[in-house]
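What follows is a predicted structure for the sequence shown.
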Amino acid sequence: MKSTLRSELYKALTNKMLYIAIAIGLAFWAMDVMENQEKIKFFDETLQWAVNSGLPIGTGHEGYSLFFLWSGLAPQTKGANLFYTVWPVFAAMAYGWSYSDERRSGVYNQIAARTSAMRYYISKYIAVFVSGGLAVAVPVLLGLLANAMFVPYAQVVQGLGAVTNINFLSELYYTAPWAYGLIWCGVTFLCGGTAACLCFVVGTSLRYSVMVILTPYAMFVAIDALTNSLRASILKNVRLILSPLRLVWSSPGWANPEWWVFLMLALLTIFSFGIGYWQVVKHELA
Amino acid sequence: MKIVVKDATKVIKGATILKNVNIELESGRVYGLQGPNGGGKTMLMRLVCGLIRPTEGEVFIDDKRLGKDMDFPPSLGLLLENPAFLPGYTGMKNLQMLAQLQNRIGVEQIRQTLLEVGLDPDDTRKYRKFSLGMKQRLGIAAAIMEMPDLILLDEPTNALDEAGVEQICQLIRRERNRGALVILACHDAAVLERLSDDIFTVCDGRVERKAIT
């Protein structure tokens, strides 16, 4: 198992598509940084004008600082909006396509015959999860660090921030925002991995890799549309976030307590792993 | 190694691909499969190596039931239809990655095998840049490099020039003399008859032993 896993991780982490996915994600976050710079510039100019005019306002950045503007809470810039609209595509394009690709090409036969179909499947699942997680979490983390270079840090004042007591680790956001940001990057990694692994659901039924890559995105968009439309009727009293597409925001507008975030991720993982497992057990390799 | 295929029938989507196949195969011999396209040669190979399971009947490898006591024969090298490798890696790297899965052989042995099939182990071209003949040679190298007990070669001479065919024939003989059980499907009847100790005709899913003259 170890050697199969090592081989799969090597393939996942050395493949070009992972780096292309990260590069595109970083381009969107670079847009986010630039837009935030503009906002801060405008804020500072307004603040200076207010001080010069003798207006009685505070001079700090408490309500307009790094973690106040951080798009990890919910996209607040065009760049972050673009990133968070298509993030499942980045997750899947990193390495999610490989299982279906290798099964169709015959590489699967070579590997499975040397280890076992199940060992190969589990190793591939872990590698796809890791690569999908990295493709989404690395741009978010580097975006946060890049923003920190330009946007002033100040502890967000309670009541001003978008995070409330119905959100993931809300207390930490106000007391230790850096720890909160890094933990949320970890959750983003899990979201990316979970999305990428949804590629296993289609097995070899889709002929082109690009269709496999779009599968998690299509599923998330469908769930998003469905839950949004049901909010007006049968889901009227449900306050929890239901769309996996928005699960990657730490303050998505609906309640996302820790247990719910992990439960949703676990359910999606069980779904994709279970279907892939069933395919391995029931279906033949040919 | 002894392979016994007992009353094996394979049905895929309502079509009977193999019909009540009964054959026994032993180590140190080359078994040739001949027959028309779509007759069931490749399916028989897939059945013997565990890539598909019989709808009815059983396949035994040294008295152990394939698909129940084991997923695949424990020592297997295969080239089925077209060679399949990762396009972004060199030939050497592809073989290294396959070899690492079992850790039976080292880099030197892989280099030696590549030389034996007529490829340069230091070739820096990626697999996607290989010609058809080079891909075929790499596929054969992957099948034999770990000195497996069972070798399945489906059309190994495809895309090879005369010298290449001769080279592969010598390798197949060497593998047989080493004690491997080789199953070979080849459209070239002369090559098949020259190499095979026994020949089976596979037609419409039925398998019959053919007398060698």
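Arrived safely.

Up against chain A, what does chain B have?
Proximity of chain B to chain A (C-beta under 8 Å from any C-beta of the partner chain) is limited to residues B:43, B:46, B:49-53, B:71-72, B:76, B:78, B:80-86, B:88, B:97-98, B:100-103, B:142. Where you see a C-beta, it was placed from the backbone N, CA and C, and this is true even at glycine.

The same query, at a cut-off of 7 Å, please.
Contact residues, chain B versus chain A (C-beta under 7 Å from any C-beta of the partner chain): B:46, B:49, B:51-53, B:71-72, B:76, B:78, B:80, B:82, B:84-86, B:88, B:97-98, B:100-103, B:142.

Out of those, which end up buried?
B:46, B:49, B:51-53, B:71-72, B:76, B:78, B:80, B:84-86, B:97-98, B:100-101, B:142 (16 or more other C-beta atoms under 10 Å in any protein chain shown).

Just the ones of the residues of chain B next to chain A in helices?
If you go by DSSP state H, those have B:46, B:49, B:97-98, B:100, B:142 in helices.

Farthest-apart pair in the residues you listed, please.
Largest separation among these by C-beta to C-beta: B:Arg46 and B:Gln100, giving 24.8 Å.

and the closest residue to chain A within chain B, what does it touch?
Proximity of chain B to chain A (C-beta to the nearest C-beta) peaks at B:Ala84, 3.1 Å away. Taking C-beta atoms under 7 Å, 6 or more residues apart in numbering or on different chains, we find B:Ala84 in contact with A:105-107, A:110.

Run through the bridge partners of the most centrally placed residue in chain B.
Residue closest to the mean C-alpha point of chain B, counted by C-alpha atoms, centre = their mean, is B:Leu152 at 1.6 Å. Under DSSP bridges, the beta-bridge partners of B:Leu152 are B:Leu78, B:Ile183.

Give me the distance between stretch A:112-124 and the centre of its chain.
28 Å (C-alpha atoms, centre = their mean, to the nearest Å).

Okay, buried residues for that stretch please.
In stretch A:112-124, counting by 16+ other C-beta under 10 Å, buried: A:112-117, A:119-124.

and of the residues you listed, the nearest to A:Leu82?
The closest of these, once distances to A:Leu82 are taken by C-beta to C-beta, is A:Lys124, at 29.7 Å.

Find the residue ranges of chain A scoring beneath the pLDDT cut-off.
A:56-63, A:283-286 (pLDDT under 70).

how about the helices in it?
Going by DSSP H, chain A shows helices at A:2-14, A:16-52, A:66-69, A:78-95, A:98-105, A:107-114, A:117-150, A:170-175, A:177-197, A:209-230, A:258-282.

Export those helices as CSV, with columns for distance to B:Phe60.
Formatted as CSV, these follow (distance: least, C-beta to C-beta, whole Å):
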stretch, distance to B:Phe60
helix A:2-14, 27
helix A:16-52, 43
helix A:66-69, 66
helix A:78-95, 38
helix A:98-105, 27
helix A:107-114, 18
helix A:117-150, 20
helix A:170-175, 61
helix A:177-197, 37
helix A:209-230, 38
helix A:258-282, 22
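
What subset of the contacts of B:Ala84 is buried?
Buried among the contacts of B:Ala84 (16+ other C-beta under 10 Å): A:105-107, A:110.

Residue 199: how many residues sit nearby?
Went with chain A since none was named. 30 (other C-beta atoms under 10 Å in any protein chain shown).

um, chain B though
Quick note: B:Ile199 (other C-beta under 10 Å) scores 20 neighbours.

That one bridge partners, please.
Going by DSSP bridges, B:Ile199 forms beta bridges with B:Gly32, B:Lys210.

In contact with it, which residues are there?
By C-beta under 7 Å, 6+ apart, the neighbours of B:Ile199 are B:32, B:34, B:192-193, B:210, B:212.

for chain B, which spans come out with low pLDDT?
If you take pLDDT under 70 as the line, chain B has these spans: B:211-213.

So in it, which helix runs the longest?
Chain B, longest helix under DSSP H: helix B:162-178.

elements contacting that one?
helix B:132-144, strand B:181-185, helix B:189-195 (3 or more C-beta pairs under 7 Å, 6 or more residues apart in numbering or on different chains; DSSP states H and E).

Please identify the most buried of these.
Ranked by mean neighbour count, these are led by strand B:181-185 with a mean of 26 (mean count of other C-beta atoms under 10 Å in any protein chain shown).

on that earlier part again, please identify which of the ones in helices among the residues of chain B next to chain A is nearest to A:Val212.
Scanning those for proximity to A:Val212, where the rule is C-beta to C-beta, the winner is B:Met97, at 22.1 Å.

got the contact list for the closest one?
Here B:Met97 is in contact with A:Ser7 (C-beta under 7 Å, 6+ apart).
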